[in-house]
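Peer 1: prediction below, plus the sequence it came from.
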Amino acid sequence: MMSVAETYVHESCNRLAAEAQAIVISVEYRLAPENRLPAQYEDAIAAVHWVRDQARDTENGDKWIRDYGDFSRCYLNGISCGANIAFNAALRLDDDVEPLKFVGTILNQPLFGSKQRTKSELKMAADQYMPLPVLDLVWELTLPPGTDRDHRFCNPFVDKPMRAKLRKLGRCLVIGFGGDLLIDRNQSFVQMLVEHGVLVEARFDDAGFHMIDMIDARRASAILNFIKEFVGSGR
């Protein structure tokens, strides 16, 4: 929904790079409805392959990546719809990414859905920031034509072959807020990951709402610290 050229995205990436001592690569993925899913997942994988190619090219590869990147500790990271992309991209990773080694996935307020409403969606259907009709419209404009919210791109609980790939996530950090109408889905998602043997760190706050870190500097700093600690504990 946002461009990497926007100030908020650029500054967030700068802060993450500085605090986590990491090289952050932000993907300018194609947008719906002109480009529906899985175009965005394909763009994420293309970005992974680009990083791989820079790492392999010892003469002409990007200097920052080639000389300073730690290819043994790569993470996929996303917020909201970006977290949905990071999740699905992780499941699509193939073996042809060496020397990159993906060790974890960071999912900040991941955007999922289904035809069946959750209690939190019904309770917060008129949410001022992201009301339920707007969320439904997002899926209507994003999912492949002729599908509904129980498609695997939206509902990760319905596709058994996909669930068999969950260990590709590596260690997983999931962040959510109690005032987010997606909170029930986020918590059920964590439970599903645990049941399938994924090592999960869940950080849920009773207060807050979807994308609160865009307007609340204190919450943004807290989320940044969660990510910093998660990445640091993987050293």
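Peer 2: Good, I have the coordinates. Quick caveat, the model's predicted, so the values are computed rather than measured. Numbering: from 1, shown residues only.
Peer 1: buried stuff in the worst-scoring helix or strand of the chain on mean pLDDT?
Peer 2: Across the helices and strands of the chain, the lowest-confidence element by mean pLDDT, DSSP states H and E is helix 160-163, at a mean of 83. Counting neighbours by 16 or more other C-beta atoms under 10 Å, one finds that the buried residues in helix 160-163 are Arg163. Yep, even glycine has a C-beta here, placed from its N, CA and C like the rest.
Peer 1: contacts for that helix?
Peer 2: 91, 152, 156, 192, 196 (C-beta atoms under 8 Å, 6 or more residues apart in numbering).
Peer 1: export the next helix-or-strand element following it as CSV, just CAs?
Peer 2: Moving toward the C-terminus from helix 160-163, the first helix or strand encountered (DSSP states H and E) is strand 171-177. Coordinates of the C-alpha atoms in strand 171-177 are reproduced here as CSV (Å, rounded to 0.1, in the frame of the first residue of the first chain):
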residue,chain,number,x,y,z
ARG,A,171,12.3,-18.4,14.0
CYS,A,172,9.3,-16.2,13.9
LEU,A,173,8.4,-12.9,15.7
VAL,A,174,4.7,-12.0,15.6
ILE,A,175,3.6,-8.6,16.9
GLY,A,176,0.0,-7.5,17.5
PHE,A,177,-2.2,-5.1,19.4
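Peer 1: which strands and helices sit next to strand 171-177?
Peer 2: Applying 3 or more C-beta pairs under 8 Å, 6 or more residues apart in numbering; DSSP states H and E, one finds that strand 171-177 makes contact with strand 102-108, helix 183-195, strand 200-205, helix 217-232.
Peer 1: what sits against the most centrally placed residue in the chain?
Peer 2: Against the mean C-alpha coordinate of the chain, by C-alpha atoms, centre = their mean, the closest residue is Ala83 at 1.7 Å. Residues touching Ala83, when contacts are defined by C-beta under 8 Å, 6+ apart, comprise 106-111.
Peer 1: same deal with Arg36?
Peer 2: Contacts of Arg36 were listed using C-beta under 8 Å, 6+ apart, and they are 141-145.
Peer 1: just Glu201 next, same as before
Peer 2: Applying C-beta under 8 Å, 6+ apart, one finds that Glu201 lies in contact with 171-174, 230.
Peer 1: longest single helix anywhere in the protein?
Peer 2: Residue-count comparison of every helix in the chain, with assignments taken from DSSP state H, identifies helix 39-56 as the longest.
Peer 1: could you identify the helix or strand that succeeds that helix?
Peer 2: The element immediately downstream of helix 39-56 (helix or strand, assigned by DSSP H and E) is helix 63-68.
Peer 1: that older thread, max pairwise distance over the contacts of Ala83: which two?
Peer 2: Ile106 and Leu111 (14.3 Å; C-beta to C-beta).
Peer 1: picking up where we left off before, by neighbours, which of the contacts of Arg36 wins?
Peer 2: Within the contacts of Arg36, Thr142 tops the neighbour count with 22 neighbours, counted by other C-beta atoms under 10 Å.
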